[in-house]
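S.K.: Structural data only, the sequence is not supplied:
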Ligand SMILES: Cc1cc2nc3c(=O)[nH]c(=O)nc-3n(C[C@H](O)[C@H](O)[C@H](O)COP(=O)(O)OP(=O)(O)OC[C@H]3O[C@@H](n4cnc5c(N)ncnc54)[C@H](O)[C@@H]3O)c2cc1C
């Protein structure tokens, strides 16, 4: 196994094109445990952290750009970002522990392809886009399109994510992410729920997005819940509809971490709670940013 | 801290000095089992069964032996056949568990081992050992193992303790029975009766340091073993037996130990390392990975327990009927015996039957775990008692006080209790502010109690006075809970010199007299008594030397505050330092040995108060407040006593809420790592409040009882009772996971 650390996107893509079994990595908090557990080692491990744009958090006035290999600690410590996207910052801040977050990246969290990845629902509800580099230049994918199944990506073998783009948050908008784990930390989501809500001037819900983790082969959106919310103000009846739609959207498995029935029921509970937090945050963010 | 009997003016005993092993541990200098490196040392790797139950048809080691760097490959046939040699069945089981001969009995059972120049070479060679198995049907639980048509692990196993002995073999190794009074009469007198059935899963001791051993064999048949264990004399005895040699051929040095909790009182790697070293002619190191620790060491039993108890209106328990089956894992020897003796030992009950079964199944052989056997039984009994208290409208402390065992009570397992402190622990809880702290929404409060015998057994100690008047205290009891500090504190008290002037060390099997394992909470009691005896011999010797120096009778010399004083003050005092400096002229080096078989144990009791908050929509339970009151007899080192009390509680909370072995239908463990085998992390827990109760044990010079174990007995019931208080659901199946709690709440809603 060879280790290389290219310093530009072009160098990285050409390395990936010439070595068929090359694999990129950022924090390696998924890669190293997987290799240790006996997953076949690639011929070349390509470290993305030496490429400048992959390790940065920037705001050009219209959108935020987060380098795909940026340690999530940089994100959670960025006060302006965390204030604007508290839900996404909280999701990133749930990954592992302080030690893990000094290495773990959004790119790695997404491209590991785990349905339980915490930052993914929060990125999805915020409409995050992935800028993907390949031998023929770059293309842009919605984050929601990147993972197609457990460990399976819509990227070619010689492509990788350079950065994520997230549009500045509109007025009267809030996001939230909640997860259920049996412990308080160092665990993997049994259920995760990300929500984002934009309120109209009159306080009714203008836009809503809800996405769930760990309850299906990939992160799932819950359009029925979103539809139930839009045009309404949240009340018990609507929140019950949100919970029911979330439970319905689940396609979970029985495993050592939880049962189908449990995941369905708790997906509804967390969906409802995440929506409530998002609404509260939206109400607080009355002006523009 | 609830001190029941005042400290009689001790200067060192009962103080909280800085721990002696802290510096080396935090700076990484301490040598744990895996740290030793020897010149020319090879790395070993063990080959383990992927099947829960299978016959070994053949093992082909040729490919592995031919690989680069490989220096030795061994299998079961490299060890003597103890069965053919007529060894005791328990020795045969230890040998077969160390390396399988004809059959593998659990996933992870050792079938071969290799040694090579590098770790990678050893791992590759281990994969190249070809084992052909005939897979056999397996049984994973007591229910499966006790079923009529269950496949047998041991074809000749006839249940012991049944009269007449059964003719047919079964998976039930033995039956135990304790009876008193008349059950029918007792239940007839009851105003309330509760009957419930409980199940618990195997749980691992969860020590952070994996097992590790280095062996260096000589061509004369002798060998030196370095290992992390709870008793290097025991490791020597077991290893010698498996290797078929005399224990004197082995020298065992105890490494620092990173946790044991009972799980390091048994051998796994040591004889394999010795045999590999003999074959290779080089030292060999074997270290387990975490998944090997889970798959092949520990755990303690999974159980099924039925309890029926009756109480009169005034809260007196009139009858108790307990039936229990404990998984032993692959070989006989679950802790059901101790479970039977402890189940109702807290209480004075006139009529009872306690019946238990030791059941083998295709899981790793169980090992001791803190108060082995008692916690599961207490979970069942203390849950039922809680329910009875509710049924008759009595406070849970009061119902326990109404039945509590006291000095003179005939214990359910036979003897009369000497002085004990159970009532005092109940009162310490009642007196504590936590008992009346206000509960919030979805919060509940639970109480439970527990008993553990504590062990005595054999210990030796040597005390040397150094030439400058400082002292070295040498024992053979590995320090897993702070015993070096306790030994030094007792020696300081006896010798009258500062704690800082004393170094306590753990010596190898050739340097100090025999010591039984560090287990049964016995070290501060028994090894401590040996240290006190040795110190008293030293003081005798010092007085004699002073008498000789002053040319007076021995009875004219007193030992006060670390110096010899003339009874009438006719001579200036001689300090230990003075006497040490003169030792060459007064009889030579000052040193003493003491060995003993403990003069009497002091039973331990603990009562605990737990507040939980349950999220009724997700079933997640958080412990928000926890208080443990335990009778220490005398807390020699209160810091370490509290550490033991808190540690037991924390492990009990893990057992209650999140820890369990999960096997798939093939009998393969699905969660052999700390991600999915969930021991609590720091943020899962509140500060565990401690109330040390001190009712001295009359059989120890300072009143010590053991403190290491009883703390793990009450937590599961305390947590379960608290959950019941919060939500009115009685949880009877451990762990009380969010999934199960939500199911129970859903059922309640139906
Ligand atoms: C102790 C521990 C606790 C954890 N807890 C959590 C948790 O609570 N929640 C959670 O969601 N995860 C958790 N994880 C998993 C892991 O930390 C996260 O998924 C993390 O975000 C991965 O980021 P990374 O940069 O370390 O990924 P890496 O290991 O570097 O990469 C992961 C995968 O993504 C690919 N990849 C990385 N970057 C890119 C890119 N830019 N473009 C294309 N492919 C890429 C790699 O090839 C690899 O397949 C935990 C891991 C550990 C070890």
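M.R.: All right, it came through fine. Just so it is clear, the structure is predicted and the values come from calculations on it, not from any experiment. Numbering: from 1, shown residues only, chains lettered A, B, ... in the order given.

S.K.: I'd assumed residue A:221 was in contact with residue A:213.
M.R.: No - judged on C-beta atoms under 8 Å, residue A:213 makes no contact with residue A:221 at a distance of 11.5 Å. The way it works is simple: take the backbone N, C-alpha and C, and place the C-beta from them, glycine included.

S.K.: and the closest residue to the ligand within the stretch 251-400 of chain B, how many neighbours does it have?
M.R.: Proximity of the stretch 251-400 of chain B to the ligand (C-beta to the nearest ligand atom) peaks at residue B:290, 12.8 Å away. Residue B:290: 13 surrounding residues under other C-beta atoms under 10 Å in any protein chain shown.

S.K.: give me phi/psi at it?
M.R.: For residue B:290, the backbone dihedrals (degrees, to the nearest 10) come out as phi -60, psi -40.

S.K.: Surely it touches residue B:674?
M.R.: Yes - in terms of C-beta under 8 Å, residue B:290 counts as a neighbour of residue B:674; the distance is 6.9 Å.

S.K.: Tell me which of residue A:213 and residue A:221 has more neighbours.
M.R.: Legend: neighbour count by other C-beta under 10 Å for residue A:213 and residue A:221, higher for residue A:213 (30 against 17).

S.K.: can you pull the pLDDT of the more buried one?
M.R.: With respect to pLDDT, residue A:213 scores 98.

S.K.: Nearest residue to it in space, please, no chain neighbours.
M.R.: Leaving aside its chain neighbours, residue A:213 sits nearest to residue A:192 (3.1 Å; criterion: C-beta to C-beta, 6 or more residues apart in numbering or on different chains).

S.K.: ok, for residue B:377, nearest residue in space, not its chain neighbours?
M.R.: Nearest residue to residue B:377 in three dimensions, chain neighbours excluded: residue B:343, at 3.9 Å (C-beta to C-beta, 6+ apart).

S.K.: tally of neighbours for residue B:152?
M.R.: 17.

S.K.: Quickly note the distance from it to residue B:578.
M.R.: From residue B:152 across to residue B:578, the span is 71 Å (C-beta to C-beta, to the nearest Å).

S.K.: which residues are there in chain A that come within reach of chain B?
M.R.: A:180, A:182-188, A:190, A:256-259, A:261-262, A:265-266, A:269-270 (C-beta under 8 Å from any C-beta of the partner chain).

S.K.: one more time with 10 Å, if that's ok
M.R.: Contact residues (C-beta under 10 Å from any C-beta of the partner chain) of chain A with chain B: A:33, A:36-38, A:97, A:178, A:180-188, A:190-191, A:243, A:255-259, A:261-263, A:265-266, A:268-270, A:272-273.

S.K.: Strands - which of these land there?
M.R.: A:178, A:180, A:191 (DSSP state E).

S.K.: Serialize those to CSV and add fields for distance to residue B:441.
M.R.: Putting these into CSV (distance: C-beta to C-beta, whole Å) gives the following:
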residue, distance to residue B:441
A:178, 19
A:180, 19
A:191, 23
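
S.K.: so which of these is the most crowded?
M.R.: residue A:191 (29 neighbours).

S.K.: related to what we said a few turns ago, got any residues that touch both of residue A:213 and residue A:221?
M.R.: A:121, A:124, A:194 (C-beta atoms under 10 Å, 6 or more residues apart in numbering or on different chains).

S.K.: Let me see the contact set for the closest residue to residue B:613 other than its chain neighbours.
M.R.: Among residues not flanking residue B:613 along the chain, residue B:443 sits closest, at 4.7 Å (C-beta to C-beta, 6+ apart). For residue B:443, the contact set (C-beta under 10 Å, 6+ apart) comprises B:437, B:611-614, B:622, B:624-625, B:722, B:725-727.

S.K.: Return the distance of the residue in chain A that the ligand sits nearest to relative to residue B:673.
M.R.: Closest to the ligand within chain A is residue A:108: 2.0 Å, counting by C-beta to the nearest ligand atom. Distance of residue A:108 to residue B:673, given as C-beta to C-beta: 20 Å.

S.K.: Show me which of these two is the more surrounded one.
M.R.: For residue A:108 versus residue B:673, the count of surrounding residues by other C-beta under 10 Å is larger for residue A:108: 25 against 14.

S.K.: How about the residue nearest to residue A:213: which residues does it bridge to?
M.R.: Beta bridges link residue A:192 to residue A:179, residue A:213 when assigned by DSSP bridges.
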